[in-house]
Each structure stands twice: as structure tokens, then as C-alpha cells.
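Undergrad: Let's see this in three dimensions:
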Amino acid sequence: MKTSKQELERRMSHFKDVCRNAELKLTRQRLEIFREVAQTGDHPDADGVHRRVRKRIPTVSLDTVYRTLWLLKDLGLITTLGFHHNRSRFDANLVDHHHFVCIRCGSTQDFYSNEFDALRLTETLKSIGSVEAVNVEVRGVCRKCRSKRTK
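TA: Next up, the predicted model:
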């Protein structure tokens with residue numbers, strides 16, 4: 001699922017504002033790496049971002065992609081998802097939402113739920129630590145994989 005043009009423009013504008021306020025250079029690499037995460041809804045890992053950005057900037061290194069993604073996370077421009085095959089996945093959608101993860105292909109899709117947003121946290125969590133965010137991750141078989149099984 002691709003991000004709408006209007007939403008992508010909003011995210012890019014926010015990215016530029018945050019970089020300026022942090023006195024960071026708006027390099028082409030940073031711009032394209034953020035754009036790649038911001039324009040897609042598939043929550044790419046660093047290797048996926050690298051492959052896609054390399055089509056536009058053939059000289060970009062995997063190390064640059066990793067460093068930039070973690071910088072973007074530190075700046076609050078993207079978030080990371082749980083680990084799938086021991087790789088972090090990155091998400092530029094900062095609106096409260098949850099994820100559906102396909103257990104076959106690993107695809108990750110956003111979904112919104114007022115019910116999940118209203119989950120009451122148990123007292124047990126307070127004894128473990130302070131909660132900063134709650135994101136529900138639902139695992140199952142996506143429509144695409146399910147249709148492959150029936151063919």
C-alpha cells in the first residue's frame with residue numbers, strides 16, 4: 001500500500017523541518033532514504049531500503065542506509081517494528097496504528113482500531129516498567145498468501 005501524495009508531501013515537509021531544527025544537512029542520501037520509508041506502507045528493512053534507494057543513487061552504501069535509518073529514528077521521524085527474521089523494520093507513519101504481519105511472507109500492513117487504542121494496561125506492567133507506547137501486532141496469513149494456497 002503506497003502512501004498518498006498528500007501524506008508523502010506532509011511527511012517530507014516534516015522531515016525537512018526536523019532536520020533544519022536539528023541543524024542537520026539535508027543531503028540527497030538522507031532525503032531519498034527517508035522518502036523510501038515514507039512513501040511505502042510495507043515497512044521495509046534496511047536491506048530493502050538500500051536496494052530501492054540504490055536505483056536512484058547507485059553509490060549509496062548499506063552502512064549509510066543503516067546509519068541514516070537509526071538517525072531518523074532518534075529524531076522521531078520513523079519508528080521500528082518488532083523483529084521479523086532478526087531484522088528491524090522501519091515505519092514513517094507516526095499516527096497511532098497497529099500491524100498485521102503475515103507469517104508466511106513477512107509482509108507488514110498498518111491497520112487502525114479504536115478498540116485496540118483503548119486497551120487498558122494491567123497493573124503488572126507497572127511493576128515491569130513505564131509504558132511509552134502500545135502497538136498491537138496481529139500475526140496471520142495475508143490475503144495474497146492465502147490465495148496462493150488455494151490455487
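
Undergrad: Quickly list the domain ranges of this protein.
TA: 5-91, 98-150 (automatic domain parsing).

Undergrad: Next up, the contacts around Val65.
TA: Residues in contact with Val65 (C-beta atoms under 8 Å, 6 or more residues apart in numbering) are Ile33, Ala46, Val49, His50, Val53. C-beta here means a position set from N, CA and C on the backbone, and glycine is covered the same way.

Undergrad: Can you tell me which of those residues is nearest Asn93?
TA: Nearest to Asn93 out of these is Val49 (C-beta to C-beta; 15.3 Å).

Undergrad: Would you mind measuring from that closest one to Ser4?
TA: According to C-beta to C-beta, to the nearest Å, Val49 and Ser4 sit 20 Å apart.

Undergrad: Compare the two and say which one has the larger neighbour count.
TA: Shown here are Val49 and Ser4; by other C-beta atoms under 10 Å, Val49 has more neighbours (25 against 10).

Undergrad: Surely that one touches Ile33?
TA: Yes - because the distance of 6.1 Å satisfies C-beta atoms under 8 Å, Val49 is recorded as touching Ile33.

Undergrad: How about Ser107, nearest residue that isn't a chain neighbour?
TA: In space, and not counting its chain neighbours, Ser107 is closest to Cys142: 5.5 Å by C-beta to C-beta, 6 or more residues apart in numbering.

Undergrad: got the contact list for stretch 19-37?
TA: Residues from elsewhere that reach stretch 19-37, judged by C-beta under 8 Å, 6+ apart: 8, 11-12, 15-16, 44, 49, 52-53, 56-57, 60, 64-65, 68-69, 71-72, 75, 77-78, 90-92.
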